[in-house]
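A.B. asks: After the sequence you'll find the predicted model.
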Amino acid sequence: MNGEGSATPKFEKETKELTETLGLKSEPVGVKFSDNHEETSWFSKKVSICEALDIIKQEKIMLTITKETCTCAGGRHFTGLEILPIETLAPALTAEKHRVYESTGVALASIGKQPQPVKRGKYLTLGPLEKFERDPDIVLFIVTPAEADKILGLISFKGAEPFMFYPASSICSAITNVMAKGKPEINLISAFERVAGNWSPNELILALPLKEFEAALQNIPCSGYVT
């Protein structure tokens, strides 16, 4: 395994502090884009972004995903590994399996109002934050609503703007949204992803830019959300 894991993890102490202080049941997950495979860890199995998160949660390992190893077209698109014409994705959202929107036109209009993916690197590394040696781009939390409230409360201690939520949104789109807007996002995990991934009905995903994660750490000694 290359990169992360070969030297002293940068966030090991911070991750333990936040997890134990807030009583989180799952440890935070780091997300990092890179053009240099030497900075990433390797996992050869082909997976979707949803499957990767489940593997990380269960096995606590680092995964590297490329456009060749990401099995979901939507995942490749929304993470920016392979940006596809929206017209090729929209029909799947109106098909019998999903039927998220009433028509392709509605799907195009809705997706068009959301942040659009940008290619940020050939490699997408995800894994337990405590194993990262370098700064991740995003920190993901798989949490209950009560746990999400505590984290957002910590962030808000010195002032905050409204966070983001996009309805009928996939898990992987949270990565694009946070990278594009630089704001926290709550992703409720779509009904389709919950069934496919056997997610708990009590879980949601809170995605934070690194600066917001660091703010949460700094505010632990002062915020009433902890004390």
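C.D. replies: Thanks, I have the structure now.
A.B. asks: What is the burial count for residue 156?
C.D. replies: Applying other CB atoms under 10 Å, we find 18 residues neighbouring residue 156. Quick note: C-beta positions are derived from backbone N, CA and C, even for glycine.
A.B. asks: oh sorry, the question was meant for residue 112
C.D. replies: Neighbourhood size, residue 112 [other CB under 10 Å]: 10.
A.B. asks: Check the spacing between it and residue 85 real quick.
C.D. replies: Distance, residue 112 to residue 85, using CB to CB, to the nearest Å: 12 Å.
A.B. asks: and residue 14, what pLDDT?
C.D. replies: Looking at residue 14, its pLDDT stands at 87.
A.B. asks: how close does it sit to residue 57?
C.D. replies: From residue 14 across to residue 57, the span is 19 Å (CB to CB).
A.B. asks: I'd like the average pLDDT over stretch 102-112.
C.D. replies: Stretch 102-112 comes out at a mean pLDDT of 86.
A.B. asks: neighbouring contacts of it?
C.D. replies: Applying CB atoms under 8 Å, 6 or more residues apart in numbering, the external contacts of stretch 102-112 come out as 86-87, 89-91, 93-94, 100-101, 168.
A.B. asks: Where does the prediction get shaky in the protein?
C.D. replies: 1-8, 37-44, 96 (pLDDT under 70).
A.B. asks: Which positions in whichever helix or strand residue 193 is part of come out as buried?
C.D. replies: Element membership of residue 193, judged by DSSP states H and E, is helix 191-197. For helix 191-197, the neighbour count (16 or more other CB atoms under 10 Å) marks residue 193 as buried.
A.B. asks: quick one: the helices in this protein?
C.D. replies: Counting by DSSP state H, one finds helices in the chain at the ranges 12-22, 49-59, 73-79, 86-89, 104-112, 145-155, 173-181, 191-197, 210-218.
A.B. asks: Export those as a markdown table, with columns for distance to residue 121.
C.D. replies: Shown next, in a markdown table, are these (distance: least, CB to CB, whole Å):
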| stretch | distance to residue 121 |
| --- | --- |
| helix 12-22 | 23 |
| helix 49-59 | 15 |
| helix 73-79 | 10 |
| helix 86-89 | 21 |
| helix 104-112 | 23 |
| helix 145-155 | 26 |
| helix 173-181 | 11 |
| helix 191-197 | 24 |
| helix 210-218 | 16 |
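A.B. asks: Would you mind saying which of these lies nearest residue 139?
C.D. replies: Among these, the nearest to residue 139 by CB to CB is helix 210-218 (4.3 Å).
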